[in-house]
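> I would like to see how this sequence folds:
(chains A, B, C and D)
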Protein chains: 4
Amino acid sequence: MTTATLLISCPDQKGLVAKISDWVFSHGGNILHADQHADGSAELFLMRVEWELDGFDLERAEIAPNFAQLAIADEAKWSIHFSDYVPRIAIFVSKQDHCLYDLILRQRSQELAATISVVISNHPDLEKVAHNFGINYHYIEISREHKLQQEKQQLALLRQYQIDLVVLAKYMQVLSPEFLSEFSQVINIHHSFLPAFAGANPYHRAYKRGVKIIGATAHYVTDELDEGPIIEQDVIRVSHRDSVTDLIRKGKDLERIVLARAVRQHLQNRVLVYGAFANSNLGLRTVVFD
Amino acid sequence: MTTATLLISCPDQKGLVAKISDWVFSHGGNILHADQHADGSAELFLMRVEWELDGFDLERAEIAPNFAQLAIADEAKWSIHFSDYVPRIAIFVSKQDHCLYDLILRQRSQELAATISVVISNHPDLEKVAHNFGINYHYIEISREHKLQQEKQQLALLRQYQIDLVVLAKYMQVLSPEFLSEFSQVINIHHSFLPAFAGANPYHRAYKRGVKIIGATAHYVTDELDEGPIIEQDVIRVSHRDSVTDLIRKGKDLERIVLARAVRQHLQNRVLVYGAFANSNLGLRTVVFD
Amino acid sequence: MTTATLLISCPDQKGLVAKISDWVFSHGGNILHADQHADGSAELFLMRVEWELDGFDLERAEIAPNFAQLAIADEAKWSIHFSDYVPRIAIFVSKQDHCLYDLILRQRSQELAATISVVISNHPDLEKVAHNFGINYHYIEISREHKLQQEKQQLALLRQYQIDLVVLAKYMQVLSPEFLSEFSQVINIHHSFLPAFAGANPYHRAYKRGVKIIGATAHYVTDELDEGPIIEQDVIRVSHRDSVTDLIRKGKDLERIVLARAVRQHLQNRVLVYGAFANSNLGLRTVVFD
Amino acid sequence: MTTATLLISCPDQKGLVAKISDWVFSHGGNILHADQHADGSAELFLMRVEWELDGFDLERAEIAPNFAQLAIADEAKWSIHFSDYVPRIAIFVSKQDHCLYDLILRQRSQELAATISVVISNHPDLEKVAHNFGINYHYIEISREHKLQQEKQQLALLRQYQIDLVVLAKYMQVLSPEFLSEFSQVINIHHSFLPAFAGANPYHRAYKRGVKIIGATAHYVTDELDEGPIIEQDVIRVSHRDSVTDLIRKGKDLERIVLARAVRQHLQNRVLVYGAFANSNLGLRTVVFD
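Have a look, this model is predicted:
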């Protein structure tokens, strides 16, 4: 069954649920899921509606222009997605393979409705893993002096492979603002319970602080390191018996699971980022429609 | 702000979200929350809509009759609730006080929007607790021979206090089918992760089985012991170091929290029970709109 | 059954388990629990041994001097505790009552083997709660200008009531270094997952950051705000549907449980603080023997 | 660093910790970890001691005979393990690959100190996975009529590959009592929170029952289906939005993690099974020394 999904955020006003669901219904669409959220502090309305395309009386090309005529609000931000479009992912890695394997295996077992088109790395180590599964691998060294130039090679690959989403699967490099201004759909996994232990060496710092629980955080990447909107987090209990090595080992399970959940939610068009409205002093936040 | 909440379940059909949200909007209602669920295996549509009464152009007494004219489906089950109606609770207890204290304190701190009108017990022990908070306490002994008669006294109290909801807060008696046919809005807390260890002595049996996690389950009470639709569950890790006494102690925290969450969800009209439709071999299940 | 418990930390060396358990056994003691931990990074040995006093051939007054003769190491820190000594607790509160109620009720139901001797507050609000349970309540206002003087009154009460442990049960004041140098056995509950959101308004900041999980942390109080050694932490999942008010409500359950666990572990002499050794760049950490 | 680990269970008696740690120390061993548990209801003493072999004055071959002379108790059960012995694992699978991949990748990344010597399956499907990692794969069909004969082939392979541990990684067959009497070191992963939903189709039954949490259980296999001693369990929250397919998907993460933890604990000689003593009506239980 093919479906269309509308994601929309706009200043709150009366009748939005009715207006939008009416629009779907009046064109013969059967709503499968509708979820909506009003953020009082931001005076914002956010909604996700998914309906069957079978029986819908608008051609695909007409849907967006037609919806635009509803003229919901000038500031409204919205997008429409079709379930039979298969997004194309580029996975960025460094030397650790656990998240790479995990994403590939989930994609192979149909947990992730996407194509993993390419693996890009600043190290040659994981080429074999990618090739084992028939995925192209590009090794682009990143050095302090030539970073922008090297990132341009990465961006060229994203264009070449027509990438929709970049997943940083333990990629131990910071993307430059220049990179992000060209390509902004990037999900990262950080190996701590943000905002605790943002930055380098979170497990060592967690050990040193003597925490009793460690975590992992998947978030969209923004210009500010580890400050992007959080999609998913999870935690696991540790004790004095756990050395830094144990924290790293336990954390790997978290990293795998948290990153996979975030990517899945993103691919199902369940994540809306908001917070940039003028009257809001909120940071960037997400609604994850479940 | 006063709100109205519609809870509805009916056979799935096209346009229900539009029809219902349209009805709210056309009468001037501003939808605050709308959540909907389609259970594919039961071919059932379930929805919760909450809207502001301020500006709604129907009188309260008109709302239900007016909605009835929408004629959604013969088999539709629905109810409408107003946020300024304060439900009246009777708490049933035996000798343990932890859930009783917990519910009273949460009600006092406004976590539970309800009146605790009376405490009813088959033991005299907890009278002081109830009186400390100015709540009436009725001790009605339950004996095997006179149980139905004694339950009639309980039912008379429920009528006298105009009770909307009975909460079994570690009430160590089984309610008879006769009781339940007279009064069916009853939430129980069972001290295991159902369906594991249904029936008596769950902690002892959990210990004997050597489980590594124990749980608690809040459910609506039905004629079949511990088989009613589950509202909420939670668990906690145990180890070989935990004796039965430790399991009981750790379980008390679970019981408190799980019961309180279930009562709160119920009071906010977030719980829909379904499963009784003819073509369904499902047990009774709940949707908990969050 | 009365037991003695030895808690010891010292530089690691061969034969310590044998030496210590031998000492217990040679005096006729039956070891009930023995747990030991070697912290490799601190080169430290930490042990907890609990044995039956019945049959032990040393008088209580002799036990410590006798153990001292074992001459384990000059830097060794150790203490011996008897299970029939009932520690005396002072609870410090401000206006919120949930942790106060929780501690009192757990003490009443014998989860906490201690006497709650006095409640001290910078507000008069919770006097009734304390009096309801027959506990003395002292209201000592804290003002910026006279804080040291007011803390002296608090310290006088601690001496008067012969207090062993102070529990800050949502006491919204920072204890001065002067207070702590006089009385250092203080457990605090902080309403965040430290080190995230140390300091003021953690729930508001958690909301603003858009985290998907919130936490609570119980720790010993030191001169550095929210930097003391962590005893216990726990977390709960939140979503975009949770307002700051919901975070506060959900957090209250965490605060209760995390604080109660930490106090219980402390009272059972299961917590050892370490990290101050010269060759260690660790922060202060705890071993919690379970 | 090479270590020796003693695992022992015996009727409780005075001085066992001292006796055993003394024995280690008197032969020059440095104890790295010592943990002990006294099960009051079974009147049983259980202990795990791990010490450095470097400096120990007994040859490996002498250690067991020498310890036997301590004559702790006739009923004592004990075993001694050396950390440089690498156990040999056979993984049994059917058609699902997620646990197989998980175990192989953890072994490759040194989380599991073992050799995966062979994969045995009643289906040919996963041969490629095994071969990708250079592991032998044997396809032995299991049919109702020839099961005992086919299991003999399996047992012959276990002997041929000198297998120490069989891991049932979603092996959808029940091992016969005959198999288990020949080879009893078998860990299984069951896809439910036992004892709930023992037997077939646990996810379907969990869905039907409407539980709010699902689980997975790793246990040693005994003659009674899903009744063997539990090593590890974990759970994950589900909601009305989760179909059976979602339960299966979420459960796969649990299965992977719970099985891997159990295998790791077993390989580190941290698991002791007990309960078979004459005066005990306990089921078989485990102590997992952590």
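
> can we go C-alpha only for contacts and neighbour counts from here?
OK.

> thought residue A:216 was touching residue A:233?
Yes: using Cα atoms under 8 Å, residue A:216 is in contact with residue A:233, at 5.6 Å.

> joint contacts of these two?
With contacts defined as Cα atoms under 8 Å, 6 or more residues apart in numbering or on different chains, the residues shared by residue A:216 and residue A:233 are A:193, A:258.

> could you report the pLDDT at residue A:282?
Residue A:282 carries a pLDDT value of 60.

> repeat that for residue A:211.
Per-residue pLDDT puts residue A:211 at 97.

> roughly how far does it sit from chain C?
6 Å (Cα to the nearest Cα, to the nearest Å).

> isn't that residue right up against residue C:227?
No: assessed by Cα under 8 Å, residue A:211 is found out of contact with residue C:227, at 11.0 Å.

> the more surrounded of those two?
Counted by other Cα atoms under 10 Å in any protein chain shown, residue A:211 and residue C:227 do not tie: residue A:211 has more neighbours, with 24 against 18.

> for the closest residue to that one other than its chain neighbours, give me its contacts.
Nearest residue to residue A:211, sequence neighbours excluded (Cα to Cα, 6 or more residues apart in numbering or on different chains): residue C:230, at 6.4 Å. If you count contacts by Cα under 8 Å, 6+ apart, residue C:230 has them with A:210, A:211, A:212, C:217, C:218, C:219, C:220, C:285, C:286.

> after the helix or strand hosting residue A:18, heading C-terminal, what element do we hit next?
Secondary structure assigned from DSSP states H and E places residue A:18 in helix A:16-26. Downstream of helix A:16-26, the first helix or strand assigned by DSSP H and E is strand A:30-39.

> what average pLDDT does that next one get?
What strand A:30-39 shows for mean pLDDT is 90.

> does chain D sit close to that strand?
No: Strand A:30-39 does not reach chain D (Cα under 8 Å from any Cα of the partner chain); its nearest approach is 10.1 Å.

> for that strand, name the packing helices and strands.
Packing partners of strand A:30-39 (3 or more Cα pairs under 8 Å, 6 or more residues apart in numbering or on different chains; DSSP states H and E): helix A:16-26, strand A:44-52, strand B:31-39.

> got the contact list for the first one?
Identification of contacts with helix A:16-26 by Cα under 8 Å, 6+ apart yields A:30-31, A:36, A:49, A:51, A:67, B:14-15, B:17-19, B:21-22, B:24-25, B:31.

> can you tell me which of the residues you listed lies closest to residue B:257?
Residue B:257 has its nearest neighbour among the contacts of helix A:16-26 in residue A:36, at 27.6 Å by Cα to Cα.

> tell me the pLDDT at the closest residue to that closest one other than its chain neighbours?
Among residues not flanking residue A:36 along the chain, residue A:47 sits closest, at 4.2 Å (Cα to Cα, 6+ apart). The model reports residue A:47 with a pLDDT of 95.

> straight-line length of stretch A:85-97, end to end?
Criterion Cα to Cα, to the nearest Å; first-to-last residue distance in stretch A:85-97 is 28 Å.

> over to stretch A:236-254?
End-to-end for stretch A:236-254, by Cα to Cα: 8 Å.

> near chain C, anything from it?
Yes: judged by Cα under 8 Å from any Cα, stretch A:236-254 and chain C are in contact via A:239, A:240, A:241.

> show the buried residues in those residues.
Using 16 or more other Cα atoms under 10 Å in any protein chain shown as the burial test, those include A:239, A:240 as buried.

> how deep is residue A:245 tucked in, by neighbour count?
Counted with other Cα under 10 Å, the neighbours of residue A:245 add up to 12.

> so how far is residue A:206 from it?
Residue A:245 is 12 Å from residue A:206, by Cα to Cα.

> kindly report the same for residue A:117.
Looking at residue A:117 against residue A:206, where the rule is Cα to Cα, the gap reads 35 Å.

> and what of residue A:27?
Taken as Cα to Cα, the span from residue A:27 to residue A:206 is 55 Å.

> more neighbours: which of the two?
Counted by other Cα under 10 Å, residue A:27 and residue A:206 do not tie: residue A:206 has more neighbours, with 21 against 13.

> averaged pLDDT, the one helix or strand residue A:66 maps to. What do you get?
Using DSSP H and E, residue A:66 sits within helix A:60-68. Regarding helix A:60-68, the rounded mean pLDDT is 96.

> go on, stretch A:169-187?
The average pLDDT within stretch A:169-187 is 97.

> one step back: among the contacts of helix A:16-26, which one is most surrounded by other residues?
residue B:17 (29 neighbours).

> quick check: that one vs residue B:35, distance?
To residue B:35, residue B:17 is 9 Å away according to Cα to Cα.

> same check on residue A:140?
In terms of Cα to Cα, residue A:140 sits 47 Å off from residue B:35.

> rewinding a little: now the element after the helix holding residue A:66, going C-ward?
Downstream of helix A:60-68, the first helix or strand assigned by DSSP H and E is strand A:77-82.

> what's that following strand in contact with?
Contacts for strand A:77-82 (Cα under 8 Å, 6+ apart): A:2, A:3, A:4, A:5, A:6, A:7, A:8, A:9, A:10, A:64, A:269.

> how far does the worst-scoring helix or strand of chain A on mean pLDDT sit from its chain's centre?
Taking mean pLDDT, DSSP states H and E as the measure, strand A:30-39 is the helix or strand of chain A with the lowest mean score, a mean of 90. In terms of Cα atoms, centre = their mean, to the nearest Å, the centre of strand A:30-39 is set 20 Å apart from its chain centre.

> what is the orientation angle of that strand with strand B:31-39?
In terms of direction (axes from the mean of the first three to the mean of the last three Cα atoms, to 10 degrees), strand A:30-39 departs from strand B:31-39 by 140 degrees.

> with just CA atoms, put strand A:30-39 into PDB.
The C-alpha coordinates for strand A:30-39 follow below in PDB (Å, rounded to 0.1, in the frame of the first residue of the first chain):
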ATOM      1  CA  ASN A  30      -8.200   7.500   3.700                       C
ATOM      2  CA  ILE A  31      -6.200   8.700   6.700                       C
ATOM      3  CA  LEU A  32      -4.200   5.900   8.300                       C
ATOM      4  CA  HIS A  33      -2.400   7.900  11.000                       C
ATOM      5  CA  ALA A  34      -3.000  11.400  12.200                       C
ATOM      6  CA  ASP A  35      -1.100  12.900  15.100                       C
ATOM      7  CA  GLN A  36      -0.800  16.400  16.100                       C
ATOM      8  CA  HIS A  37       1.000  18.500  18.700                       C
ATOM      9  CA  ALA A  38       0.500  22.000  19.900                       C
ATOM     10  CA  ASP A  39       3.500  23.500  21.600                       C
END
